[in-house]
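Chemist: build the 3D model from these lines:
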Amino acid sequence: MLNVINQKLDEIEKKENIKIVHCAESGSRAWGFASPDSDYDVRFIYLRPRDYYLRLDNTRDVIEWQLDETLDINGWDLQKALRLLHNSNPTLFEWNSSPIVYRTTDEWKQISAIINNYFIKKSGLYHYLSMAKSNYREYLKTDVVRLKKYFYVLRPILACKWIMDKGSPPPMLFETLMDCHLDEAIKPAVKKLLELKINSPEVGTGKRIDEINDYIETNIAQIEEIVKTDADDEKHDWNELNELFLNMLNHSFD
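Modeler: Residues are numbered from 1 along each chain as shown. Here you go, the predicted model:
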């Protein structure tokens, strides 16, 4: 599959006349709880030739390349990515820290070296709290639930705990977050569910796991109270990102 993905990336670069500066896995495979038949969520950041950014007409800043049962491939223009980074978009930090990198460049290494300077703690907390609440509300409050959705609630809760403890972007791997911040009392139940998720085709429905639900409800309430009183972080200015972007435009297609 790695060869297939790299062939796709070469095809995208050629047909779109772009340079891919970073490409990583972003879904359950990067989170460490993929099922045997999970698809590949391939995300890339790309740069176009300099003149493209000087046009007066509106231009697209995303490439949606493929979506099927095996591959989900799309990318963001570097200009879009850096604007979102300035606003502390959590997606950028996840792509940067993914344990599965399909390709990267010296340009991305420059961004990676400063990326955490743009992390805003409160923005991260709001993002992961909202994710936990919406998935919990939609999938886990009935007697019979979609079992895999527990991970889509637990991971953002643990990400919030990481942010509150360390003040930095949380790691991608669920097991790292679990080892650091999951209460010992429910680890056996979560580990049992994790083993089922990893070793079985897409996990179906099952009886609600009350001890995990209780943990989720308690922690969502606690995080909500902390977010309400947490002070806002100060944003960085644009100078460093502007300089990086212009330098890359001037040299990346040499």
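
Chemist: the most centrally placed residue in the chain is in what secondary structure piece?
Modeler: Central residue of the chain (CA atoms, centre = their mean): Glu94, 3.7 Å from the mean position. Counting by DSSP states H and E, the element that carries Glu94 is helix 90-97.

Chemist: who's in contact with the next helix or strand after that helix?
Modeler: The first helix or strand that comes after helix 90-97 along the chain, using DSSP H and E, is strand 101-104. Outside of strand 101-104, the residues within contact range by CB atoms under 8 Å, 6 or more residues apart in numbering are 2, 5-6, 9, 20-25, 42, 44. No exception for glycine: its C-beta is placed from N, CA and C like everyone else's.

Chemist: among those residues, which are in strands?
Modeler: Among the contacts of strand 101-104, the members found in strands (DSSP state E) are 20-25, 42, 44.

Chemist: could you dump the residues you listed into a markdown table and include neighbour count and pLDDT?
Modeler: Conversion of these to a markdown table gives the following (neighbours: other CB atoms under 10 Å; pLDDT from 0 to 100):
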| residue | neighbour count | pLDDT |
| --- | --- | --- |
| Ile20 | 22 | 98 |
| Val21 | 23 | 97 |
| His22 | 25 | 98 |
| Cys23 | 27 | 98 |
| Ala24 | 23 | 98 |
| Glu25 | 21 | 98 |
| Val42 | 23 | 98 |
| Phe44 | 26 | 98 |
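
Chemist: quickly name whichever of these is closest to Leu56.
Modeler: Using CB to CB, Val21 is the member of these that lies nearest Leu56, at 25.3 Å.

Chemist: could you measure from the nearest residue to Trp95 once chain neighbours are set aside over to Ser112?
Modeler: With sequence-adjacent residues excluded and distances taken as CB to CB, 6 or more residues apart in numbering, Trp95 is closest to Ala24, at 5.1 Å. When CB to CB, to the nearest Å is applied, the distance between Ala24 and Ser112 equals 11 Å.

Chemist: common neighbours of these two, please.
Modeler: In the contact map built from CB under 8 Å, 6+ apart, the residues linked to both Ala24 and Ser112 are Asn96.

Chemist: who does Thr104 bridge with?
Modeler: Listed by DSSP bridges, the beta-bridge partners for Thr104 are His22.

Chemist: can you tell me how far it sits from Ala30?
Modeler: Taken as CB to CB, the span from Thr104 to Ala30 is 14 Å.
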